[in-house]
Every structure is written in C-alpha cells, then in structure tokens.
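K.L.:
got a predicted structure here, sequence first:
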Amino acid sequence: MLKVFCAPARYTQGPHATAQLGPEIRNLGLDGPALIVAGRSAVRLLSDTWAKTFAEAGMRHEVFRFAGECTAGEIRRGAQAARDAKARVIIGAGGGKVLDTARAIASDLALPVVNCPTIASSDAPCSALSVIYTEAGEWAEYRIYRRNPDLVLVDTTLIAKSPVRPLVAGMGDALATFFEAKVCVDGGAKNMRGGASTRSALCLAELCYKTLLADGVAAIEALGRKEPNDAFERLVETNTLLSGLGFESSGLAAAHAIHNGLTTAPGTHGFMHGEKVAFGLLAQLMLESQPNSLVEEVLAFSSSVGLPTTFADIGIADPSRELLGTIAERATAPGETIHNEPIPVTPELVVEAMRAADAAGRSFRESMKHTPA
Ligand SMILES: [Zn+2]
C-alpha cells in the first residue's frame, strides 16, 4: 500500500484574516464570480468585509444563505445558485455544516473551494470530505472528494468572538485524532484517502493531542476576553489544521464510528459532532482496554474544558438496552472505521464499552467532588 498525505493547498490563519480573503484567492490564481455559502451570523458579521476585500481583488461575489443542514437537497439548491451566479469559485463561511455543503457544491460543479470557518468546532475545514445528513438530522454518508480545499482561511478575531461551546466541541473532535490515528498506523489500516499513513501525519496527530492538553484551558480564557492570544492561536490551529491533517492522512477508528452510531439516538441531536466524538473516544479507550492512567488523563482534560464524559452529558441518561443496541449496530455497520480497531468489534462489545465509558466518567466526576481544591 502506498503512503498518502493530503492537505489544503493553502492555510491562512490570524487576526482579521477575512480582510485578506480576496487577495488570498487571487494569489492562488483563482478568479470570480464567487458564490459564498454562508450561515446567518457569517452574513451579519462579514458582509461589509467581503464587499471591501472582493472589491479590492476585482471579483464579483454573491451570497447563498445556508438553511441549516448539509443535506442532498441543500447541496442541489446551492449548486443551482452557483450556476445562476456563473460562479467560478465556491466559498463556505460558517460552521462545519456550511463548509461541508460548500465543498459538496464545489465538487458537483468541479469548481475550486475556499473554506472560512467562523468557529473552530471541528476538523472538517481542511478535509476533502463532507458529512451528509438526512433531513431528519441523522448521519447519512461521507462524501469523499478528489481534492482538498484550495484555501482554508481562519480569522481568529472572528473565532475569538464565537461562543465557547463550539470551540470546546472542536477540542473533542481533536481529542480523538491521535488515538484513532494510532490505531490505523499500528494496524496498517487505510487512511481517509485510501493510502497508508506517513510519519508526518502521525506526528501532527500527536502534536494535536499535546497542544490540547497544554493550551485548551488557556484558549477558553482568551475566548472569555474575546481577544486571540498565542494559546488561542495554537488551539485554533490544533482544532482546525492539526486535527484535520491528522485524521485525514492517518485515518479514523472507533471514536468516530461510535459518534455515527450516537446520531441515531434522537436525544443526542442537540449535541455537537465533537461532543459526541469525545464520548466515542472514551468508549474507544474502553474497547481497547487502555490503562487507567491514560483514561484518567483524557477524563481530566475533558472535565477541565467541559467535554461530555457520560451518557447524561450527551442527552441519553439511563439509555435502554434497545437504544444502546441500535447505536452499536450503526457503529459497527460494514465499512465503518471501527473495523480498523485491532480486535473484531461486535455490537455487544460496543455496548459494553459505552457502558464502561459512562461508568468511568461518572466515577471520575464523583472523585473530583471529594478532592479538596
Ligand atoms: Zn470529526
């Protein structure tokens, strides 16, 4: 198997980066008109900056307002809007679902794509795949594209003004990266591009985990002040770039498959991708019978930033046997990344691992209560 590493063609991050969007696109040799697929708050916060930066770059732009879910229907509507605008580049500006939709539209029309995340809530912005959901909000499929985005532009001034929850959810997504990467590397499993992992990808995944532990709490404090600082810049890079390169070029395992299973439980629908992945990771560590010291390190980090560690934390307190069975069936469906784990994984094992994760999460919380501050 050949080793494959992939990445966006260009990654630009820093305070007020949006002001450079037009010139950055031009620097890549791309031309307008641009169709901007945008969420509501992106339109409100960025319209004036877009007008300026695209005028400066001499590019026309139009905005397509995202309806809220990355579904096949929304992708069709966006593609029609792009055809109507005679767009030559698609830009996504918003959260993960907006960017997933923008990538799908660009792929359908064979156009270059630019991702401008307005929150650091997942590692999706750098990747060449989208997660498509049904109209009912259930995970439907991964769509894999030929190429990674042409540009990922991350405006940390904007992200510093976002709510804390998406940033923490992004940490949950990033928390799983190294552990899933390691499983794939150790087992010689294929990464998301169908190749073997490189030393580079695994190294980035490890840096991803280390940076979370070092900068997670400080980044939340910076968000509270609404001002990016060095820890915040490193953390945003971790959630967005390191986690993105790590997962895509090394591969996924149980944590994301269990996340996919959790999306079948309506109680979890109000929870973000990374929140469910964080719980999925705990279950993965149980499935792999990882040592207590490692489980406690992960639990301590999750608790320090407010990531879920129990069933109740992801909206399914006291789940029935049937509910857990349905989640586990979905998590172990043929082709799921859980089969990259070194042991044959059955639905029964997944139910057991999820129960063990919940129990570990509850007893850790209980022990914290009794620890003098
Ligand atoms: Zn993810």
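P.N.:
On my side now, so go ahead. The structure displayed is predicted, hence computed values, not measured ones. Numbering: from 1, shown residues only.
K.L.:
please count neighbours and contacts with C-alpha atoms only from this point.
P.N.:
Fine.
K.L.:
longest helix in this structure, by residue count?
P.N.:
If you go by DSSP state H, the chain has its longest helix at helix 199-225.
K.L.:
counting contacts, what elements does that helix pack onto?
P.N.:
Contact analysis of helix 199-225 by 3 or more CA pairs under 8 Å, 6 or more residues apart in numbering; DSSP states H and E lists helix 164-187, helix 230-237, helix 243-250, helix 292-305 as its packing neighbours.
K.L.:
looking at whatever helix or strand Ala51 lives in now, give me its mean pLDDT.
P.N.:
Under the criterion of DSSP states H and E, Ala51 resides in helix 40-57. For helix 40-57, mean pLDDT rounds to 95.
K.L.:
other residues contacting the next helix-or-strand element following that helix?
P.N.:
Note on helix 40-57: by DSSP H and E, the next helix or strand toward the C-terminus is strand 61-65. With CA atoms under 8 Å, 6 or more residues apart in numbering as the contact definition, strand 61-65 has outside contacts at 32-40, 54, 78, 81, 85.
K.L.:
farthest pair in these?
P.N.:
Largest separation among those by CA to CA: Gly32 and Arg40, giving 22.5 Å.
K.L.:
can you list phi and psi of the residue nearest to Leu262 when sequence neighbours are not counted for me?
P.N.:
Distances taken as CA to CA, 6 or more residues apart in numbering place Ile327 nearest to Leu262, at 5.4 Å, with adjacent residues excluded. As for Ile327, its main-chain torsions (degrees, to the nearest 10) stand at phi -60, psi -50.
K.L.:
would you agree Ile327 is in contact with Pro266?
P.N.:
No. When contacts are counted by CA atoms under 8 Å, Ile327 is not listed as touching Pro266 (10.8 Å).
K.L.:
which of these two has more neighbours?
P.N.:
Ile327 (23 against 14; other CA atoms under 10 Å).
K.L.:
show me what contacts the residue nearest the centre of the chain?
P.N.:
What sits nearest the mean C-alpha location of the chain, by CA atoms, centre = their mean, is Ser122, with 2.4 Å. Shown in contact with Ser122 (CA under 8 Å, 6+ apart): 96, 169-171, 173-174, 239-240, 273-274.
K.L.:
reformat those residues as JSON lines; add neighbour count.
P.N.:
Output for the contacts of Ser122, formatted as JSON lines (neighbours: other CA atoms under 10 Å):
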{"residue": "Gly96", "neighbour count": "26"}
{"residue": "Ala169", "neighbour count": "27"}
{"residue": "Gly170", "neighbour count": "29"}
{"residue": "Met171", "neighbour count": "35"}
{"residue": "Asp173", "neighbour count": "30"}
{"residue": "Ala174", "neighbour count": "32"}
{"residue": "Asn239", "neighbour count": "31"}
{"residue": "Thr240", "neighbour count": "29"}
{"residue": "His273", "neighbour count": "23"}
{"residue": "Gly274", "neighbour count": "27"}
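K.L.:
for the chain, which spans come out with low pLDDT?
P.N.:
Across the chain, the ranges flagged by pLDDT under 70 are 372-373.
K.L.:
can you rerun that using 80?
P.N.:
Flagging of the chain using pLDDT under 80 yields the residue ranges 137-139, 370-373.
K.L.:
what's near enough to touch Glu237?
P.N.:
By CA under 8 Å, 6+ apart, the contact list for Glu237 reads Gln13.
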